[in-house]
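# I need the structure of the sequence given here:
(one chain, ligands or ions: 1)
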Amino acid sequence: MKILVTYKSKTGFTKKYAKWIAEELGCEAKDIKTITPKNVAEYDLIIHGGWIFGGIISGYNKIKSFAPKQLIVFGVGFTPKAKVDLKKMAEENKLGDTSLYYFEGGTNPPKMGLIGRKVVEMVTKEKVAYQDNTDRKATAELLKAIKALK
Ligand SMILES: Cc1cc2nc3c(=O)[nH]c(=O)nc-3n(C[C@H](O)[C@H](O)[C@H](O)COP(=O)(O)O)c2cc1C
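Down below sits the predicted model:
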């Protein structure tokens, strides 16, 4: 089965997960910016990871519009996993029956940009500090599901 991992990452946390997943599956991880519908057509499965912006999984609409044969999505945000309602997230992002996973990312103030920092400070009511909650082990469930497909 030919698999490609695509990602949209502003500050690097989603990219980190994409690289980990690709490494485990022995495939490539590519920035969605570099992907065309023609590339997507070459693969049996696309695993897309997007950083979450106001509940929206970035890059999902783009990858979906490229009509992948099979698509699995993961979202990366700063919300603790225990507080995430995956069903609600799937509905808000109009994922239909596309499988969705959620991984904890972090915050990296210098890379977030001034507006990004201000928006997060408005929402959290705290000064945004560097935090990395990424965990390679969190990908185990997704990897297990993919290995079952192979
Ligand atoms: C403007 C803005 C909006 C965000 N909205 C959400 C959100 O709705 N839910 C969430 O869990 N995280 C949210 N985040 C946090 C990012 O998703 C988080 O920092 C993520 O790890 C960034 O991934 P990246 O490093 O791949 O860009 C937001 C961050 C910014 C800057």
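
# Just want the most central residue of this protein.
Against the mean C-alpha coordinate of the chain, by C-alpha atoms, centre = their mean, the closest residue is G49 at 2.3 Å.

# what's near enough to touch that residue?
If a contact means C-beta atoms under 8 Å, 6 or more residues apart in numbering, then G49 has 5-9, 14, 17-18, 21, 73-76, 103 as its contacts. Every C-beta, even on glycine, is put in place using the N, C-alpha and C of the backbone.

# Next, give phi and psi for it.
Note on G49: its backbone torsions stand at phi -110, psi 130 [degrees, to the nearest 10].

# so what's it scoring on pLDDT?
In this prediction, G49 carries a pLDDT score of 99.

# Mind listing the residues bridging to it?
Y7, F74 (DSSP bridges).

# Check the contacts of G49 and tell me the two furthest apart.
Spatially, the most separated pair among the contacts of G49 is T6 and F103, at 15.2 Å (C-beta to C-beta).

# Compare those two and say which is more crowded by neighbours.
T6 (29 against 25; other C-beta atoms under 10 Å).

# coming back round to it: I'd like the contacts of G49 laid out as a markdown table, including pLDDT and distance to A145.
Listed next are the contacts of G49 as a markdown table, based on pLDDT from 0 to 100; distance: C-beta to C-beta, whole Å:
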| residue | pLDDT | distance to A145 |
| --- | --- | --- |
| V5 | 98 | 14 |
| T6 | 98 | 17 |
| Y7 | 98 | 18 |
| K8 | 98 | 21 |
| S9 | 98 | 22 |
| T14 | 99 | 19 |
| Y17 | 99 | 15 |
| A18 | 99 | 16 |
| I21 | 98 | 11 |
| V73 | 98 | 12 |
| F74 | 98 | 11 |
| G75 | 98 | 16 |
| V76 | 98 | 17 |
| F103 | 98 | 14 |
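
# No further questions, thank you.
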